[in-house]
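Colleague: okay, structure incoming, though there's no sequence with it:
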């Protein structure tokens, strides 16, 4: 990838407060909703964190909490994905 | 009046953006001219920026009620602002309007006639505190609404302003709008609430095809956002809700009980009319209507009792 591509990427932190979960991953348009693409890391306070670099625009995403698609309560928007499931929305400017 | 612009070539990528139609901003000028122009100045600074970005935006339209004009026709500040700011950055649509929603209809209709199938129409209410910190935050996020439609292929994007549970607008929606929606359109109401707590929001953007469908139907003089959301659910359109700001900390708190009463009553009136419109061809609709109407009256009275009680208990 060239440098201009990287310049268009912005770091975005995702936090999921599923403190009792065994595994959490981040799925969205940016990883073709692949549950294995972006596993989240559990923090000492038991919340789950992941930083992902995303390009400018609006991205649909959700958390997979122990396999269950879960909305982000702190998301800036709600929409549906291509399967018709309710998912969250994050703007990247 | 030259309102047509050269469209960006479809299929071409512009710098910093993906494939786009044009966005048509439609500003609803405040019915009652505020004495202080700072909020409108802030708004029209943004409109000026949109007007300058001719690859992305059609020439903005400002809808101005003639009653507003005649009430201010002798006011030099108003005339100067209209000429040097509003008319500079937008085409003014002077119209006699029954209510704000007719201003929406006139403005969106005019924009629609200038638009094309790929385009998006963006309603921007003028009567908001854009000069305040919170208002500037809202103004900075509003452009997301049409962008979401273009990027994610949505039909309607509702801008939601977060409020605390005791905010008058939230109380009216909780005990009036949603309570009545659950009576007249229970399935659709649940779907709407999966997306938004503010079904009467004046901040929205809508895709060309969906706007055409909505314009072709009966346009109500008030609570048109609720009607559009219902049509969106009826027709399984793509709905998105996007958070545009938080007004829970604004100083102006509650609306008067008279205003709350009017808002609840007209919501009920619209829902009744829409229900009849959709049900009149069905056998037994009259009995069903009377049953719903009786319940609706109970719901309205209960809602207004709560709102009256709260308006008398202002902290």
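Modeller: Sure, I can see it. Because the structure is predicted, anything quoted here is derived from the model rather than measured. Numbers count the residues shown, from 1 in each chain, chains lettered A, B, ... in the order given.
Colleague: low-confidence stretches in chain B?
Modeller: B:1-19, B:247-255, B:314-315 (pLDDT under 70).
Colleague: likewise for chain A?
Modeller: If you take pLDDT under 70 as the line, chain A has these spans: A:1-7.
Colleague: just the element for the closest residue to residue A:70 other than its chain neighbours, please.
Modeller: The shortest distance from residue A:70 to any non-neighbouring residue, by C-beta to C-beta, 6 or more residues apart in numbering or on different chains, is to residue A:63 (4.6 Å). C-beta: built from backbone N, CA, C; applies to glycine. Secondary structure assignment for residue A:63, by DSSP states H and E: strand A:57-65.
Colleague: which strands border that strand, and is each parallel or antiparallel?
Modeller: Paired strands of strand A:57-65, with direction, are strand A:24-28 (antiparallel), strand A:68-70 (antiparallel), strand A:86-92 (antiparallel) (DSSP bridges).
Colleague: any idea how far the closest residue to residue B:46 other than its chain neighbours lies from residue B:303?
Modeller: Nearest residue to residue B:46, sequence neighbours excluded (C-beta to C-beta, 6+ apart): residue B:139, at 5.6 Å. Note on residue B:139: its distance to residue B:303, by C-beta to C-beta, to the nearest Å, is 32 Å.
Colleague: just list whatever residues bridge to the residue nearest the centre of chain A.
Modeller: Centroid-nearest residue in chain A: residue A:26, 4.1 Å away (criterion: C-alpha atoms, centre = their mean). Beta-bridge pairing of residue A:26 under DSSP bridges involves residue A:63.
Colleague: distance of it from chain B?
Modeller: According to C-beta to the nearest C-beta, to the nearest Å, residue A:26 stands 18 Å off from chain B.
Colleague: okay, strands next: where are they in the chain?
Modeller: Defaulting to chain A. A:9-16, A:24-28, A:41-42, A:48-55, A:57-65, A:68-70, A:77-80, A:86-92 (DSSP state E).
Colleague: meant chain B actually
Modeller: B:23-28, B:61-65, B:91-95, B:120-125, B:156-162, B:204-207, B:239-246.
Colleague: just checking: what are the partner strands of the fourth one?
Modeller: Within its sheet, and counting by DSSP bridges, strand B:120-125 is paired with strand B:23-28 (parallel), strand B:204-207 (antiparallel).
Colleague: enumerate the residues of chain A near chain B.
Modeller: Proximity of chain A to chain B (C-beta under 8 Å from any C-beta of the partner chain) is limited to residues A:56, A:57, A:58, A:60, A:76, A:77, A:78, A:79, A:80, A:86, A:89, A:91.
Colleague: what two of those residues are the furthest from one another?
Modeller: Spatial extent of the residues of chain A next to chain B (C-beta to C-beta) is set by the pair A:56 and A:86 at 24.2 Å.
Colleague: what's near enough to touch residue B:268?
Modeller: B:180, B:296, B:300 (C-beta atoms under 8 Å, 6 or more residues apart in numbering or on different chains).
Colleague: contacts with chain A among those residues, please.
Modeller: Okay, of those, nothing touches chain A (C-beta under 8 Å from any C-beta).
Colleague: which of those residues has the most neighbours?
Modeller: residue B:180 (25 neighbours; other C-beta atoms under 10 Å in any protein chain shown).
Colleague: shouldn't that residue be in contact with residue B:298?
Modeller: No. The criterion here is C-beta atoms under 8 Å, and residue B:180 misses it with residue B:298 at 10.8 Å.
Colleague: can you count the residues close to residue B:241?
Modeller: By other C-beta under 10 Å, 26 other residues sit near residue B:241.
Colleague: kindly report the same for residue B:160.
Modeller: Residues near residue B:160, counting by other C-beta under 10 Å, number 21.
Colleague: show me what it bridges to in the sheet.
Modeller: Beta-bridge partners of residue B:160, counted by DSSP bridges, are residue B:243.
Colleague: please list the residues of the stretch 201-315 of chain B that sit near chain A.
Modeller: With C-beta under 8 Å from any C-beta as the criterion, the stretch 201-315 of chain B comes near chain A at residues B:238, B:239, B:240, B:241, B:242, B:243.
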